[in-house]
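Trainee: Okay, structure incoming, though there's no sequence with it:
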């Protein structure tokens, strides 16, 4: 039985208390407060779910609510030539908090930061971090309490401007340590620190968790190119909703790429990193037929991250065995194994969201797992060949962990597939929605290579490349150019999955 989660409204109070820290400021209890109503997810009855259809693993983990931020001149604490204003945000039951600031103007030498319950701080951000439109995305901090801090020269307080603000309230835990709840990763997964991951170090180190707009969870892969110049390219799925404008999705600058979110022990969720985060910068490529998207991060990962630029294979030859590395339900990094050859399959997907549904045809690799599965939140993760080269990105499927039942009564087995990965060889030559084929970014050297090995540092062009003339697998299934984020509304909180209908052949 396949569960599809849809949200319904229930009220959760989230109170933001303005903490004035002027030396003679009022008592905390007397400070003004604003109350916002936040919808919470609810699983629909089985009768509301379509039967017999596979589902897409996409996770919506948070909701956006407006937040008023209006520092008054008397609320700044002035010490010498510096001034500080802080705001405490209390959102009961929130798993995380994030912010988007619009119309922000920071004067020279002014900063803004957000600190979470664990004292980890995002920022400080300066005017160079603010977009030309005055927008600043502040990635999530864990817990339901946060402190927003502005600091500026005392003489420049009047020059600081804050327009609209949006609070992102996490309804799904993304810290890897929270007690498991409905929607978290099931029990049939394998931590990448388990023996199954021993031979897949490059694939593991290239895989990142993507938090999009502080509300949507997908996966991505730091990907190599033929120049091997450490261009911070991340490959993901088009259905994750990263777009050139906010008219129909989230922009790339809303993306937080989280590195090394994984346990260092096989059977314990310990030793994971949560603060190795880089921001997205620009959407370079997206294509519906291959369900593939490519973004560039704002900077290359520092050496301390130990990141790998993953290899890839766009020859269209598939793989006889391999793995998927992913963050199911936004959880710590897991690994799934297949030992039977993948097969080409054209699938038609119905996106059953609350805001309408759309059919999408995807040219995919079909995979059946032998150990492990995928889940909502695994979208965009890579399918790896035995040579640790990416051959596709997860578009959807029907794999899921089973249920052990009560004393074995009512137990259900793990569903090991099928899952479907948008084919890299299809995306490679297609112009997609933006007009420039993916090969322009993966092969900027113009070498004609159809595959590249991984690297963890800059290297001379040409190393590890497979020459051109390879089979493209018939992947350009019409409509391609051979010459060269789904904004979450208030009630869209739960896991969203897309349904596959297999075409009849014969």
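Mentor: Sure thing, it's come through. This one's a predicted model, so the numbers in the text were calculated from it and none came from an experiment.
Trainee: Let me see the contact set for residue 424.
Mentor: Residue 424 makes contact with 290, 292, 312-314, 390-393, 438, according to Cβ atoms under 8 Å, 6 or more residues apart in numbering. Any C-beta I mention is one placed from the backbone N, CA and C, and that applies to glycine too.
Trainee: Could you identify which of those has the most neighbours?
Mentor: In terms of neighbours by other Cβ atoms under 10 Å, these top out with residue 392 at 35 neighbours.
Trainee: That residue reaches residue 366, doesn't it?
Mentor: No: with contacts counted by Cβ atoms under 8 Å, residue 392 stays clear of residue 366, the gap being 10.1 Å.
Trainee: Please give the number of neighbouring residues around residue 348.
Mentor: 13.
Trainee: tell me which element it falls in.
Mentor: Taking DSSP states H and E as the definition, residue 348 sits inside strand 343-351.
Trainee: In its sheet, which strands sit next to that strand, and in what direction?
Mentor: strand 359-367 (antiparallel), strand 498-501 (antiparallel) (DSSP bridges).
Trainee: and those, which one's lowest on average pLDDT?
Mentor: Mean pLDDT values for those show the minimum at strand 498-501, a mean of 38.
Trainee: where do the strands sit along the stretch 101-250 of the chain?
Mentor: Here the stretch 101-250 of the chain has its strands, by DSSP state E, counting those that start in this stretch, at 111-115, 121-125, 136-142, 145-153, 165-170, 207-212, 216-223, 233-236, 242-243, 250-251.
Trainee: Check which helices and strands the fifth one sits against.
Mentor: Counting by 3 or more Cβ pairs under 8 Å, 6 or more residues apart in numbering; DSSP states H and E, the packing neighbours recorded for strand 165-170 are strand 12-17, strand 62-66, strand 96-101.
Trainee: Need the residues that contact the last one.
Mentor: What it means is strand 96-101. Residues contacting strand 96-101 (Cβ under 8 Å, 6+ apart): 62, 64, 67, 69, 89, 91, 112, 114, 116, 134-146, 148, 162-170, 173-175, 213-214, 254.
Trainee: If any of those are buried, give me the PyMOL selection for them.
Mentor: Of those, the buried ones can be selected in PyMOL as follows, counting by 16 or more other Cβ atoms under 10 Å:
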select buried, resi 62+64+67+69+89+91+112+114+116+134+135+136+137+138+139+140+141+142+143+144+145+146+148+162+165+166+167+168+169+170+173+174+175+213+214+254
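Trainee: center of the chain, which residue is that?
Mentor: residue 210 (2.2 Å; Cα atoms, centre = their mean).
Trainee: That residue contacts residue 240, doesn't it?
Mentor: Yes: counting by Cβ under 8 Å, residue 210 touches residue 240, with 6.9 Å between them.
Trainee: got any residues that touch both of those two?
Mentor: 218, 380.
Trainee: tell me the SS of residue 74?
Mentor: helix (DSSP: H, G, I helix; E, B strand; the rest coil).
Trainee: State the distance from it to residue 89.
Mentor: Residue 74 is 21 Å from residue 89, where distance means Cβ to Cβ, to the nearest Å.
Trainee: end-to-end on stretch 294-306?
Mentor: 21 Å (Cα to Cα, to the nearest Å).
Trainee: and if you look at stretch 110-129?
Mentor: Rule used - Cα to Cα; the end-to-end distance of stretch 110-129 is 11 Å.
Trainee: in that stretch, what counts as buried?
Mentor: 110-116, 122-123, 125, 129.
Trainee: So for residue 265, what's the nearest residue that isn't a sequence neighbour?
Mentor: Take residue 265 and drop its neighbours on the chain: the residue closest to it by Cβ to Cβ, 6 or more residues apart in numbering is residue 193, 5.5 Å away.
Trainee: The one you found reaches residue 204, doesn't it?
Mentor: No: taking Cβ under 8 Å as the definition, residue 193 is not a contact partner of residue 204, at 9.1 Å.
Trainee: what is in contact with these two at once?
Mentor: Contacts common to residue 193 and residue 204, judged by Cβ under 8 Å, 6+ apart, are residue 262.
Trainee: give me the low-pLDDT residue ranges for the stretch 251-400 of the chain?
Mentor: Filtered on pLDDT under 70, the stretch 251-400 of the chain yields the residue ranges 269-274, 350-359.
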